[in-house]
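[1] Could you look at this predicted model? Sequence included:
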Amino acid sequence: MFDYETLKLLWWLLIGILLIGFVITDGFDMGVGALLPIIAKTDQERRIMINSIAPHWEGNQVWLVLGAGAIFAAWPAVYATAFSGFYVAMMLTLFALFFRPVGFDYRSKISDPRWRNGWDWGIFIGGVVPPIIFGVAFGNLLQGVPFVFDEYLRSSYQGSFFDLLNPFALLVGLFSLSLFVLQGSTWLQMKTDGIIQQRARWVSLICAPVSIALFALAGLWITYGIDGYVITSIGDLNGPANPLLKSAQLQSGAWLANYEKYPLTIIAPAIGLSFPVLVWIASKLDRNASAFLFSSITQVGVLMTFALSMFPFIMPSSIDPNVSLTVWDAVSSEKTLNIMTIAAAIFIPIILLYTSWCYFKMFGRIGKEFMAKYKHSAY
């Protein structure tokens, strides 16, 4: 269907689209979970917040599952190496995510305040921990991950879990959390009314400038304090996907090279810096749907900045740059990518259609009247 080089680039784009779908959709419901003990002061207010995401949170996780599955199938070397190096972090993420379904389904089964408060904190953990860990992972990718390959292409991680918790990675983790909270607060502006909407608006007004500051600080840190990676020689891009067949090196300012080579790419970080300003303005003017739209576009700009800065690297090695995993050599076979492309062409539009239909059918605000009407059937 496509030549191998085109397929490699196509799946870099498709995985990026799946991750964008995740941060926009699962981003707002994790953000709402993170805000649960902050915005809601009563049980009814907490139920309103939970029911604002109740029809969508399970469907939103499809994007996370699709993204992880696509990485497993399209970038098996990345998947294997990531699970080797980030295993503890991934298990923490998984166990934090366990709190979400049981928390949503069980908290209102018993009216005991201690029971409900316990599950509320579980939902909070499920909303806070994953965004931080995702950000920490991205922060480590930008610095390089300590892994090597042997002659049989078996990856070996040379670091520890605590090595991942370095200052830059923690900064990116906080930035990631701020983006998810911003997404959640703008969703609550759009989907609730009264005091919850007002508190959510104040969170957006605080979180938007915090996101700008953290993004700018991370950018300055990368510019002046973190060396990037460049490929110095590579074989046929239509040839075998083998990370040992290229050479690469660490180079100062390498993560900025694509912006100099392709000036239009500067649009991505410009979006990441400017659209939180529009979120702040829209929130101030009570333009709730616009605030959510601008927040969603912010997520796109930030992810595009990360991807474009590192391209074509996916997971660089801080021990031996020559074995770094790139778009060109970390992929599955040409036949596998062709089959996956056909499947994606069929199923991604279907997912988009039914997701859009669900959002359309569940359009409207969740407030006291809704909770009074559906008191016994709502979460």
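    Great, that's in hand. Only a predicted model underlies this, so the values are computations on that prediction, with no experimental measurement involved.

[2] Asp3 contacts Asn238, doesn't it?
    Yes: the pair formed by Asp3 and Asn238 meets the contact definition of Cβ atoms under 8 Å, at 5.9 Å. From N, CA and C alone the C-beta is placed, and that goes for glycine too.

[3] after the strand or helix carrying Pro209, next one along is what?
    Taking DSSP states H and E as the criterion, the element that holds Pro209 is helix 194-225. Proceeding C-terminally, helix 194-225 gives way to strand 228-233 as the next helix or strand, assigned by DSSP H and E.

[4] Any buried residues in that following strand, and which?
    For strand 228-233, the neighbour count (16 or more other Cβ atoms under 10 Å) marks Gly228, Tyr229, Val230, Ile231 as buried.

[5] Same question for stretch 239-259.
    Going by neighbour count (16+ other Cβ under 10 Å), the buried part of stretch 239-259 is Ala241, Pro243, Lys246, Ala248, Ala254, Trp255, Asn258, Tyr259.

[6] hang on, the earlier thing: list the helices and strands the helix holding Pro209 packs on?
    The helices and strands touching helix 194-225, judged by 3 or more Cβ pairs under 8 Å, 6 or more residues apart in numbering; DSSP states H and E, are helix 4-39, helix 43-53, helix 167-191, helix 267-284, helix 288-310.

[7] Buried residues, it. List them.
    Along helix 194-225, these residues count as buried under the neighbour rule (16+ other Cβ under 10 Å): 196-197, 199-201, 203-208, 210-212, 214-215, 218-219, 221-222.

[8] Same check on stretch 341-355?
    Along stretch 341-355, these residues count as buried under the neighbour rule (16+ other Cβ under 10 Å): Thr341, Ala344, Ile351, Thr355.

[9] If we only consider those residues, which is nearest to Phe138?
    Ala344 (23.5 Å; Cβ to Cβ).

[10] re earlier: turn the buried residues of strand 228-233 into TSV, columns for distance to Arg107 and pLDDT.
    Putting those into TSV (distance: Cβ to Cβ, whole Å; pLDDT from 0 to 100) gives the following:
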residue	distance to Arg107	pLDDT
Gly228	46	93
Tyr229	46	95
Val230	51	94
Ile231	51	93
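
[11] What's the mean pLDDT across the strand or helix carrying Leu142?
    In this assignment (DSSP H and E), Leu142 forms part of helix 113-143. Along helix 113-143, the predicted confidence averages to a pLDDT of 94.

[12] what about the stretch 1-150 of the chain, any weak spots by pLDDT?
    When the per-residue scores of the stretch 1-150 of the chain are filtered using pLDDT under 70, no range remains.

[13] Tell me who's in contact with the nearest residue to Arg116 once chain neighbours are set aside.
    Using Cβ to Cβ, 6 or more residues apart in numbering and skipping the chain neighbours, the partner closest in space to Arg116 is Arg107 (5.1 Å). Going by Cβ atoms under 8 Å, 6 or more residues apart in numbering, Arg107 touches Ile50, Trp115, Arg116, Trp119, Asp120, Ile123, Tyr379.
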